[in-house]
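J.: Here is the input, now give the coordinates:
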Amino acid sequence: MEKYSLLTETEKVQYEITPPEYDEVKHSFISKDDEAVITCVGDCLAEEKMYKAHLFGEHFGFDDVFQFVKQYFLSSDLSIANLETMICENAPYTGEQYKIGGKYFCNAPAEFLRAIKNSGINFLMLSNNHNLDCGVNGIIETLNRIEGLGFGHTGLFTPQDKKRYSTVEIKGMKIALLSYSTWFNRNEPRLTELGRNTFINEYSKEKVSGDIKAARQEGAEFVLVYIHWGTDAEYKSRPSESMKRMAQEIADSGADYIVGSHTHSVQPFAEITAANGKKVPCIYSMGNFVTSEISKISRQTVILQLKLKKIQGVVQAVEQKFIPCYIPDQFYNLSYPVLPKGMGTSNGLAISAINEDTLKTVGCETTRFGYRLTKKRICSILGLRTPENDEEYTGLKFAADAVEGCAALISEISSQITYSTPYEKYDELADKAMEKGARLLISAAQIKDYPCLITPLPIIETFTRIIGEWRMQFDPKTISITGSIGKTSTTEMVYALISSKYNTHRNTGSANNVRYSGTVVQKLKPEHEFYVQETMEGPPFGAAATIAKMVQPQAAIVTVVGTSHMEEFGSQERILESCLGVQEGMPEDGLLILNGDDSFQQKAVTQRKAVYYAIENEKADYRAVNIKNNEMGMTFDVVHGGITSPVRLNCFGKHNVLNALAAFAAGKWAGMTDEEIAAGLAKYRTSGIRQNLVRFGGQRIFLDCYNAAVESIRSSLNQLAEIPVGEGGKRIAVLADILECGDKAEEYHRSAGKAAAESKADIVICYGRDARLTAEEAKKTKQTFYTDSAEELIRLIKEKVTSKDIVLFKGSHGMALEHIADRIWGTWFHEEFERYDFLTHNTKDENFSYCVYTDHAALTNRISTAENVVIPNSVDGKPVTSISPNAFSGSRTVKSVTFPEGLVNVRYCAFYNSSLSGEIRLPSSVRIIFDSAFSTCKDLTTAIIDEGCTHLGYRAFGNCTSLESVVIPETVREIGREAFINCKKLTIFGKEGSYAETYAKNNGIPFSKIV
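T.: Numbers count the residues shown, from 1 in each chain. Below is the predicted model of the structure:
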């Protein structure tokens, strides 16, 4: 029985403006019905060849497509596929007519749906660009057929549906499933606004955030999101920037796993760090799963098997597996079957080799590191005869990572080390290393006539011995952070507080395994007082011990003993044992910092002294009490040794309290006072003004102005020295006050000045009351300027800095150097990174909402539906200088915009995919038109940018298919990639010899000179 009723002609007008038109259709074939189940796969389509290959007289039979893969689905508890077609009997099928009105059209017979059900699939993600191909009644008919076969589903809805997601319960775990599409095949105009909001699920970060929040409130313990991407990465093996941006938004919104679709290609798996520090797995695309498309890349696909487990009341993904598949035309007389890894050949096609290539695409990774050492030193470490002639190397690398001038180890590698490499691989590995510029090979045997050292040790031991000996040349106090969960965020916190007092070295990114930890050790410098290293627990078992022998920590934190890699370890006890292997690299008087709320660690038998941190365990050495959330984050008290110390964190979550407790204990080990530790933890946050090298309008800016100490100033100056500048370029250091120095102010600021004097900075500009002391020291060897006025500082920077230079901003956060940068170059760093003292209030009028800051306002959202928009010059006495991300994105009513006279920047996707048409004119006050600001405004024909603008971002006007002319002023010094992609009618107008002319010529765009 049908669940949803088709709309009458009277009802349809509420939702649909223009229904699709096609002749009356009659079908005369017999359908089948059956049951099925699956894991996670990509797009299921029934194109013309697929349709015809499975039409047998008057009957369809698609079941053979799934013959070799249904065992994966049948063994799963939940089965998910993306149905990229409608199932509508009252419309032509794609196999009969693949275009209607010049638009691609996807509609399949009901038997296609039944075959999917028979294969084992029991849940369908429905949001995709073909949702409107058959109109609203096509949606209702499709939903009725899906319901009739017992599928779960989400992504398409009817007026009766109250929520925009679905939930299922599996073995006591409540899972929320969400499905979105970023576009709808140019068919959106068919629907009224009510229709768009009712039937389809168009992506926006606000919608995702709201839906996930609602699902969590309903009790969802795990959120899986499918998203149907746009057209900018079709048939490509890498995600586009817009895909990465949306994936980040979904992760920030609270998703636990992200699955992408629509690219017709397999794309990589990645872990995205959400705003709260959580790692969110994302497979950008698994490709077409059921298809007859011609290209090889469209025939490659993967099945994702995801294992979920409830651990201490929290549902999480503990294991995943990608099964590569290929879809040949024929295999044993079957048409377009999906063949998994392990299958042989079809018509001479090496399917297994193709599947291996697919798997490499999913797991690809690129990393760069480097260092120097000598041949004599290597020989001494390995016990080899000392060579007569010595030489230096740029670093110790594995063959796959070889760089110019390095010593390369002949061993296969992945994210972990392969301990024994087959001899038949040696030549291949050696050839690749030498091609990349390796100067020496370290191998178990001589290879060709290449320069080789024959090591008497296994390669892994060779690596650890060399790195361990190098580590011994330095004397930083070192702490390792290991465990199953929370290593990265704990490492960040430990680094934040220790580096606030000491010059501290650390790993970056995911450099926590044997391979990458070794490269981090190679970057140690004599001035480093402390070293913080994240350390993977495995697999393989013993990884933490191996890393510890290289890193040689005096202290180690264990976060949580979870169930990651349970298949490899076998038990959590075994995981704990691997974590505690870190002791093998520690001295006898080393310190373990263990989680007292972890039942496994509570029972741990250790070889080193141990202290415990906890929330629940009252016996812990460091315990958090009085935990409270506030607008800025959390506050709590740390109780230890009879002392209670208040702590503030700029983040949320119990796990972060535990991480902070571990960091607190590390701070005490490092000799810091409670006040110093609390101050360090309060400074912890992910920010765009911490060691962030950016470029706007051709100007490179190195923002490292979140905090400052003498050591970190010296470190920043050292980093500045390592950044190359071209001919005629200068390194300019803007150094502001080190605040809260007390009676050490003079000592610290003079030390900072000495560091500047010893640096490679060409010009030093000092700013602030105490910075005059810095200037007095710096001017002994450097061209130095000093001011305590913000306005004078801005004047100095504008006068001294050219686009060839790189500018370092370094000082305490209270000196607001990021605001100085914003005022000069039109950026907005001071708004985005929690400087709440700049934000005075939020407000709105009848047309817009705004954030009002101390010296300007930003338009954040549109309220009215007027066609001709006039943005006011000021709000509450403050000039409107910014149009915030997505402010007009997707608007179907806006036709024209009058911009405010003081507008400075138009930000990310501000007018993306809006109905803006005709001509726009950007005033001379504008400095930055950021990424995708006007992208996909398909009715926009002319853009006039007045003199003053310096920067057009990535895809700023991309996919504006009607765009005919853009006037670009001489002041523009940077135009991002694909700024005008798919603007085939475009002519760029500008001055002769301008950057715009060069850009136009380099990108094959017609250019017309203006006087």
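
J.: Please make it C-alpha for all contacts and neighbour counts, starting now.
T.: Noted.

J.: Return the set of buried residues in the lengthiest helix in the chain.
T.: Scanning the chain for the helix with the most residues, using DSSP state H, yields helix 654-669. Buried residues in helix 654-669, defined by neighbour count with 16 or more other CA atoms under 10 Å: 655-667.

J.: next helix or strand past it?
T.: helix 674-682 (DSSP states H and E).

J.: Pull the residues that contact that next one.
T.: 493, 496-498, 500-501, 645-650, 660, 664, 667-668 (CA atoms under 8 Å, 6 or more residues apart in numbering).

J.: List just the nearest of those to Val208.
T.: The closest of the contacts of helix 674-682 to Val208 turns out to be Asn650 (CA to CA; 23.8 Å).

J.: Extract the residue ranges of the stretch 751-900 of the chain that are flagged as low pLDDT.
T.: 832-837 (pLDDT under 70).

J.: go on, the stretch 1-150 of the chain?
T.: For the stretch 1-150 of the chain, the ranges with pLDDT under 70 are 1-3, 6, 12-13, 16-38, 102.

J.: As a check, name the ranges of all helices in it.
T.: Ranges of helices in the stretch 1-150 of the chain, per DSSP state H, counting those that start in this stretch, are 9-12, 48-53, 70-74, 110-119, 135-148.

J.: okay, these in TSV with distance to Ile824 next?
T.: TSV is the format used below for the helices of the stretch 1-150 of the chain (distance: least, CA to CA, whole Å):
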stretch	distance to Ile824
helix 9-12	54
helix 48-53	57
helix 70-74	58
helix 110-119	58
helix 135-148	51
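
J.: what are the ranges of the helices in the stretch 651-800 of the chain?
T.: Counting by DSSP H, counting those that start in this stretch, the helices of the stretch 651-800 of the chain are 654-669, 674-682, 710-722, 745-758, 771-778, 790-800.

J.: so can I have a markdown table of those showing distance to Ala548?
T.: Listed next are the helices of the stretch 651-800 of the chain as a markdown table, based on distance: least, CA to CA, whole Å:
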| stretch | distance to Ala548 |
| --- | --- |
| helix 654-669 | 17 |
| helix 674-682 | 25 |
| helix 710-722 | 25 |
| helix 745-758 | 33 |
| helix 771-778 | 40 |
| helix 790-800 | 46 |
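
J.: which one of these lies closest to Cys379?
T.: helix 710-722 (30.4 Å).

J.: Now do that closest one against helix 745-758, angle only.
T.: With axes from the mean of the first three to the mean of the last three CA atoms, to 10 degrees applied, the angle from helix 710-722 to helix 745-758 works out at 20 degrees.

J.: Can you name every helix or strand that helix 710-722 contacts?
T.: Helix 710-722 sits against strand 731-736, helix 745-758, strand 806-810, with contacts defined as 3 or more CA pairs under 8 Å, 6 or more residues apart in numbering; DSSP states H and E.

J.: quick one, domains of the protein?
T.: 9-363, 389-456, 466-682, 692-825, 839-1009 (automatic domain parsing).

J.: least trustworthy helix or strand in this structure by mean pLDDT?
T.: strand 345-346 (a mean of 54; mean pLDDT, DSSP states H and E).

J.: hmm, back to that, which pair in the contacts of helix 674-682 spans the largest distance?
T.: Those two in the contacts of helix 674-682 that are separated most widely, counting by CA to CA, are Asn650 and Lys668, at 20.8 Å.

J.: Could you single out the most deeply buried of the helices of the stretch 651-800 of the chain?
T.: helix 771-778 (a mean of 25; mean count of other CA atoms under 10 Å).

J.: Give me the contacts around that one.
T.: Contacts for helix 771-778 (CA under 8 Å, 6+ apart): 735-738, 746, 749-757, 764-766, 784-787.

J.: So what angle separates the directions of that helix and strand 731-736?
T.: Going by the same axes, to 10 degrees, helix 771-778 makes 150 degrees with strand 731-736.

J.: Enumerate every residue touching the nearest residue to Val520 once chain neighbours are set aside.
T.: With CA to CA, 6 or more residues apart in numbering as the criterion, Val520 has its nearest non-adjacent residue at 5.8 Å, and that residue is Asn507. By CA under 8 Å, 6+ apart, the contact set of Asn507 is Ser517, Val520, Val532, Gln533, Glu534.

J.: any idea how far Ser962 is from Asn507?
T.: Here Asn507 is placed at a distance of 48 Å from Ser962 (CA to CA, to the nearest Å).

J.: what's the answer for Ile175, then?
T.: Distance from Ile175 to Ser962, by CA to CA: 44 Å.

J.: Same question for Tyr850.
T.: In terms of CA to CA, Tyr850 sits 31 Å off from Ser962.

J.: go on, Glu241?
T.: According to CA to CA, Glu241 and Ser962 sit 23 Å apart.

J.: which one of the two has more residues nearby?
T.: With neighbours defined as other CA atoms under 10 Å, Glu241 and Ser962 compare such that Ser962 has more, 20 against 14.

J.: In this structure Trp183 contacts Gly230, no?
T.: Yes - using CA atoms under 8 Å, Trp183 is in contact with Gly230, at 6.3 Å.
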